[in-house]
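S.K.: Give me the fold of what follows.
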Amino acid sequence: MKSILLIGLGRFGRHVAMKLNELRHQVMAVDIQEERVEEVLPFVTNAQIGDSTNEEFMESLGVRNFDVCIVAIGDNFQSSLETTALLKELGAELVVARAARDVHAKFLLRNGADEIVYPEKQLASWTAIRYSSDHIFDYVQLDDGYAIFEVSVPEEWDGKTIGGMDIRRRYNVNIMAVKREGKLNPNISSQTMLSGKDVLLVLGSHKDIQKCFHI
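M.R.: Purely as a prediction, here's the structure:
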(Lines give C-alpha, C1' and ligand atoms only; values in the text may rest on other atoms or scores of the structure.)
Protein backbone atom coordinates (compact mmCIF):
# COMPACT_ATOMS: atom_id res chain seq x y z
CA MET A 1 0.00 0.00 0.00
CA LYS A 2 1.29 3.46 -0.95
CA SER A 3 0.38 6.94 0.21
CA ILE A 4 -0.47 9.12 -2.77
CA LEU A 5 -1.17 12.82 -3.15
CA LEU A 6 -3.50 13.39 -6.11
CA ILE A 7 -3.85 16.97 -7.29
CA GLY A 8 -6.50 17.81 -9.88
CA LEU A 9 -9.86 16.05 -9.83
CA GLY A 10 -11.23 16.51 -13.32
CA ARG A 11 -12.31 13.46 -15.31
CA PHE A 12 -8.79 12.02 -15.47
CA GLY A 13 -8.02 12.71 -11.81
CA ARG A 14 -11.34 11.25 -10.72
CA HIS A 15 -10.71 8.02 -12.61
CA VAL A 16 -7.21 7.81 -11.12
CA ALA A 17 -8.74 8.21 -7.64
CA MET A 18 -11.26 5.45 -8.30
CA LYS A 19 -8.58 3.05 -9.54
CA LEU A 20 -6.26 3.81 -6.62
CA ASN A 21 -9.15 3.09 -4.27
CA GLU A 22 -9.75 -0.22 -6.03
CA LEU A 23 -6.06 -1.02 -5.53
CA ARG A 24 -6.40 -0.11 -1.81
CA HIS A 25 -3.91 2.73 -1.69
CA GLN A 26 -4.18 5.66 0.70
CA VAL A 27 -5.05 8.78 -1.28
CA MET A 28 -5.14 12.46 -0.35
CA ALA A 29 -7.10 14.26 -3.07
CA VAL A 30 -6.83 18.00 -3.74
CA ASP A 31 -8.70 20.39 -6.02
CA ILE A 32 -9.59 24.06 -5.96
CA GLN A 33 -13.23 23.29 -6.82
CA GLU A 34 -15.42 22.07 -3.96
CA GLU A 35 -17.80 20.03 -6.14
CA ARG A 36 -14.94 18.01 -7.60
CA VAL A 37 -13.62 17.21 -4.15
CA GLU A 38 -17.07 16.10 -2.99
CA GLU A 39 -17.41 13.76 -5.98
CA VAL A 40 -14.28 11.77 -5.07
CA LEU A 41 -14.86 11.56 -1.30
CA PRO A 42 -16.16 7.95 -1.51
CA PHE A 43 -12.91 6.86 -3.18
CA VAL A 44 -10.17 8.60 -1.17
CA THR A 45 -8.76 8.51 2.34
CA ASN A 46 -8.83 12.28 2.74
CA ALA A 47 -9.49 15.35 0.62
CA GLN A 48 -8.77 19.07 0.73
CA ILE A 49 -10.18 22.06 -1.13
CA GLY A 50 -7.32 24.39 -1.94
CA ASP A 51 -5.05 26.10 -4.44
CA SER A 52 -2.11 23.84 -5.27
CA THR A 53 -0.06 26.85 -6.42
CA ASN A 54 -0.24 28.33 -2.92
CA GLU A 55 2.95 27.49 -1.04
CA GLU A 56 1.41 27.81 2.44
CA PHE A 57 -1.44 25.46 1.55
CA MET A 58 0.90 22.92 -0.01
CA GLU A 59 3.23 23.00 2.98
CA SER A 60 0.27 22.13 5.19
CA LEU A 61 -0.19 18.86 3.25
CA GLY A 62 3.27 17.53 4.15
CA VAL A 63 4.08 16.53 0.58
CA ARG A 64 7.39 14.90 1.52
CA ASN A 65 5.44 12.23 3.42
CA PHE A 66 3.76 10.84 0.29
CA ASP A 67 5.28 8.04 -1.77
CA VAL A 68 3.94 9.54 -5.00
CA CYS A 69 2.53 12.95 -5.92
CA ILE A 70 0.37 12.94 -9.06
CA VAL A 71 -0.39 16.26 -10.78
CA ALA A 72 -3.51 15.47 -12.81
CA ILE A 73 -4.42 19.07 -13.67
CA GLY A 74 -5.50 19.18 -17.30
CA ASP A 75 -7.35 22.45 -17.82
CA ASN A 76 -4.68 24.94 -16.72
CA PHE A 77 -1.10 24.27 -17.76
CA GLN A 78 0.29 27.21 -15.79
CA SER A 79 -1.20 25.80 -12.59
CA SER A 80 0.14 22.35 -13.44
CA LEU A 81 3.62 23.75 -13.99
CA GLU A 82 3.61 25.82 -10.79
CA THR A 83 2.24 22.91 -8.77
CA THR A 84 4.88 20.53 -10.12
CA ALA A 85 7.70 22.94 -9.30
CA LEU A 86 6.31 23.64 -5.83
CA LEU A 87 6.01 19.95 -5.00
CA LYS A 88 9.67 19.40 -5.82
CA GLU A 89 10.72 22.48 -3.84
CA LEU A 90 8.84 21.14 -0.83
CA GLY A 91 10.66 17.81 -1.00
CA ALA A 92 8.24 15.52 -2.84
CA GLU A 93 9.88 12.14 -3.45
CA LEU A 94 8.27 11.27 -6.79
CA VAL A 95 6.28 13.72 -8.92
CA VAL A 96 4.22 12.36 -11.84
CA ALA A 97 2.66 15.06 -14.02
CA ARG A 98 0.01 14.94 -16.71
CA ALA A 99 0.88 16.46 -20.11
CA ALA A 100 -1.23 17.03 -23.19
CA ARG A 101 1.60 18.01 -25.55
CA ASP A 102 5.32 17.32 -25.93
CA VAL A 103 6.19 20.94 -25.21
CA HIS A 104 4.26 20.71 -21.94
CA ALA A 105 6.20 17.59 -21.01
CA LYS A 106 9.52 19.34 -21.59
CA PHE A 107 8.60 22.23 -19.30
CA LEU A 108 7.23 19.91 -16.63
CA LEU A 109 10.38 17.79 -16.64
CA ARG A 110 12.55 20.88 -16.39
CA ASN A 111 10.52 22.15 -13.45
CA GLY A 112 10.47 19.13 -11.18
CA ALA A 113 8.43 16.33 -12.75
CA ASP A 114 10.11 12.93 -12.46
CA GLU A 115 7.76 11.22 -14.90
CA ILE A 116 5.13 12.27 -17.44
CA VAL A 117 1.83 10.66 -18.45
CA TYR A 118 -0.08 11.45 -21.65
CA PRO A 119 -3.69 10.27 -21.08
CA GLU A 120 -5.07 11.44 -24.44
CA LYS A 121 -2.00 10.42 -26.45
CA GLN A 122 -1.77 7.01 -24.82
CA LEU A 123 -5.48 6.31 -25.25
CA ALA A 124 -5.36 7.46 -28.88
CA SER A 125 -2.48 5.06 -29.55
CA TRP A 126 -4.31 2.19 -27.83
CA THR A 127 -7.51 2.90 -29.80
CA ALA A 128 -5.69 3.04 -33.14
CA ILE A 129 -3.85 -0.25 -32.57
CA ARG A 130 -6.77 -2.07 -30.94
CA TYR A 131 -9.41 -1.25 -33.56
CA SER A 132 -7.28 -1.35 -36.70
CA SER A 133 -6.93 -5.13 -36.38
CA ASP A 134 -9.39 -8.00 -36.01
CA HIS A 135 -6.85 -10.03 -34.03
CA ILE A 136 -5.82 -7.66 -31.21
CA PHE A 137 -7.99 -7.59 -28.08
CA ASP A 138 -5.72 -5.49 -25.88
CA TYR A 139 -2.14 -4.33 -25.52
CA VAL A 140 0.20 -2.70 -23.02
CA GLN A 141 3.03 -0.49 -24.30
CA LEU A 142 6.35 -1.18 -22.54
CA ASP A 143 8.56 1.27 -24.45
CA ASP A 144 8.84 2.71 -27.96
CA GLY A 145 9.55 -0.67 -29.50
CA TYR A 146 8.00 -3.39 -27.36
CA ALA A 147 4.55 -4.22 -26.02
CA ILE A 148 2.49 -7.05 -24.57
CA PHE A 149 -0.38 -7.97 -26.89
CA GLU A 150 -3.50 -10.03 -26.31
CA VAL A 151 -4.19 -11.72 -29.63
CA SER A 152 -6.23 -14.52 -31.12
CA VAL A 153 -4.57 -17.76 -32.22
CA PRO A 154 -3.97 -17.89 -36.00
CA GLU A 155 -5.97 -20.61 -37.76
CA GLU A 156 -2.82 -22.43 -38.89
CA TRP A 157 -1.70 -22.85 -35.27
CA ASP A 158 -4.84 -24.74 -34.22
CA GLY A 159 -3.95 -28.15 -32.77
CA LYS A 160 -0.20 -27.50 -32.73
CA THR A 161 2.17 -27.16 -29.78
CA ILE A 162 4.18 -24.05 -28.95
CA GLY A 163 7.44 -26.01 -29.13
CA GLY A 164 6.52 -27.78 -32.32
CA MET A 165 6.10 -24.47 -34.15
CA ASP A 166 9.30 -23.08 -32.59
CA ILE A 167 7.53 -19.74 -32.24
CA ARG A 168 10.23 -17.91 -30.30
CA ARG A 169 13.02 -18.69 -32.76
CA ARG A 170 10.98 -18.30 -35.95
CA TYR A 171 9.06 -15.15 -35.05
CA ASN A 172 11.10 -13.58 -32.20
CA VAL A 173 8.03 -13.28 -29.94
CA ASN A 174 7.43 -14.80 -26.51
CA ILE A 175 4.14 -16.42 -25.54
CA MET A 176 3.63 -15.48 -21.89
CA ALA A 177 0.24 -17.06 -21.21
CA VAL A 178 -2.78 -18.70 -22.82
CA LYS A 179 -6.34 -17.62 -22.08
CA ARG A 180 -8.83 -20.44 -22.52
CA GLU A 181 -12.56 -20.03 -21.87
CA GLY A 182 -11.86 -16.76 -20.10
CA LYS A 183 -9.23 -18.21 -17.73
CA LEU A 184 -5.61 -17.09 -18.00
CA ASN A 185 -2.97 -19.81 -17.69
CA PRO A 186 0.65 -18.61 -17.37
CA ASN A 187 1.92 -22.15 -16.74
CA ILE A 188 2.73 -23.01 -20.33
CA SER A 189 5.52 -25.05 -21.88
CA SER A 190 6.75 -26.20 -25.25
CA GLN A 191 4.21 -29.03 -25.01
CA THR A 192 1.21 -26.72 -24.60
CA MET A 193 -1.21 -27.36 -27.46
CA LEU A 194 -3.08 -24.40 -28.87
CA SER A 195 -6.68 -24.19 -29.95
CA GLY A 196 -8.15 -21.80 -32.48
CA LYS A 197 -10.44 -20.56 -29.71
CA ASP A 198 -7.54 -19.59 -27.43
CA VAL A 199 -6.28 -16.08 -26.79
CA LEU A 200 -2.54 -15.53 -26.35
CA LEU A 201 -0.62 -13.03 -24.25
CA VAL A 202 2.55 -12.35 -26.23
CA LEU A 203 5.59 -10.10 -25.77
CA GLY A 204 7.51 -8.68 -28.67
CA SER A 205 8.22 -5.72 -30.91
CA HIS A 206 5.39 -4.25 -32.97
CA LYS A 207 7.12 -5.33 -36.17
CA ASP A 208 7.61 -8.97 -35.10
CA ILE A 209 4.10 -9.34 -33.72
CA GLN A 210 2.58 -7.86 -36.87
CA LYS A 211 4.53 -10.35 -38.96
CA CYS A 212 3.76 -13.29 -36.69
CA PHE A 213 0.01 -12.73 -36.40
CA HIS A 214 -0.61 -11.16 -39.81
CA ILE A 215 -1.84 -7.95 -38.19
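S.K.: CA only for contacts and neighbour counts going forward, please
M.R.: OK.
S.K.: Measure how buried K207 is and give me the count.
M.R.: 12 (other Cα atoms under 10 Å).
S.K.: wait, E34
M.R.: Counted with other Cα under 10 Å, residues neighbouring E34 total 12.
S.K.: ok, it - contacts?
M.R.: By Cα atoms under 8 Å, 6 or more residues apart in numbering, the residues touching E34 are I49.
S.K.: the strands in the protein, which residues?
M.R.: 3-7, 26-31, 46-49, 68-71, 95-98, 115-117, 136-141, 146-152, 174-180, 183-185, 199-205 (DSSP state E).
S.K.: Could you dump the ones you listed into CSV and include mean pLDDT, distance to T192 and mean neighbour count?
M.R.: Below are the strands of the chain laid out as CSV (pLDDT from 0 to 100; distance: least, Cα to Cα, whole Å; neighbours: other Cα atoms under 10 Å):
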stretch, mean pLDDT, distance to T192, mean neighbour count
strand 3-7, 96, 42, 23
strand 26-31, 97, 41, 23
strand 46-49, 96, 49, 17
strand 68-71, 96, 41, 24
strand 95-98, 95, 41, 24
strand 115-117, 91, 38, 17
strand 136-141, 75, 21, 16
strand 146-152, 85, 16, 20
strand 174-180, 89, 9, 18
strand 183-185, 86, 11, 12
strand 199-205, 88, 12, 21
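S.K.: want to throw these into CSV with distance to I162?
M.R.: Converted to CSV, the strands of the chain look like this (distance: least, Cα to Cα, whole Å):
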stretch, distance to I162
strand 3-7, 43
strand 26-31, 43
strand 46-49, 50
strand 68-71, 41
strand 95-98, 40
strand 115-117, 36
strand 136-141, 19
strand 146-152, 14
strand 174-180, 8
strand 183-185, 14
strand 199-205, 11
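S.K.: can you pull the contacts of K2?
M.R.: Neighbours of K2 in contact, by Cα under 8 Å, 6+ apart: 25-26, 66-68.
S.K.: can you do 10 Å?
M.R.: Residues in contact with K2 (Cα atoms under 10 Å, 6 or more residues apart in numbering) are 20, 23-27, 66-68.
S.K.: Tell me which two in those are the farthest apart.
M.R.: Maximum pairwise distance in those, criterion Cα to Cα, is 16.5 Å, between L23 and F66.
S.K.: Looking at the contacts of K2, which is nearest V202?
M.R.: L23 (25.1 Å).
S.K.: quick one: the closest one and P42, what's the gap?
M.R.: L23 is 14 Å from P42, where distance means Cα to Cα, to the nearest Å.
S.K.: swap in M193?
M.R.: 46 Å.
S.K.: Looking at these two, which is more packed in?
M.R.: The residue with more neighbours, out of M193 and P42, is M193; 16 against 12, by other Cα under 10 Å.
S.K.: As a check, name the ranges of all helices in this structure.
M.R.: Counting by DSSP state H, one finds helices in the chain at the ranges 11-22, 34-40, 55-61, 77-89, 102-110, 119-131, 162-165, 167-171, 206-213.
S.K.: Which residues are in contact with the closest residue in space to L81 that isn't next to it in sequence?
M.R.: Using Cα to Cα, 6 or more residues apart in numbering and skipping the chain neighbours, the partner closest in space to L81 is L108 (5.9 Å). Taking Cα under 10 Å, 6+ apart, we find L108 in contact with 77, 80-85, 95-99, 102, 114-116.
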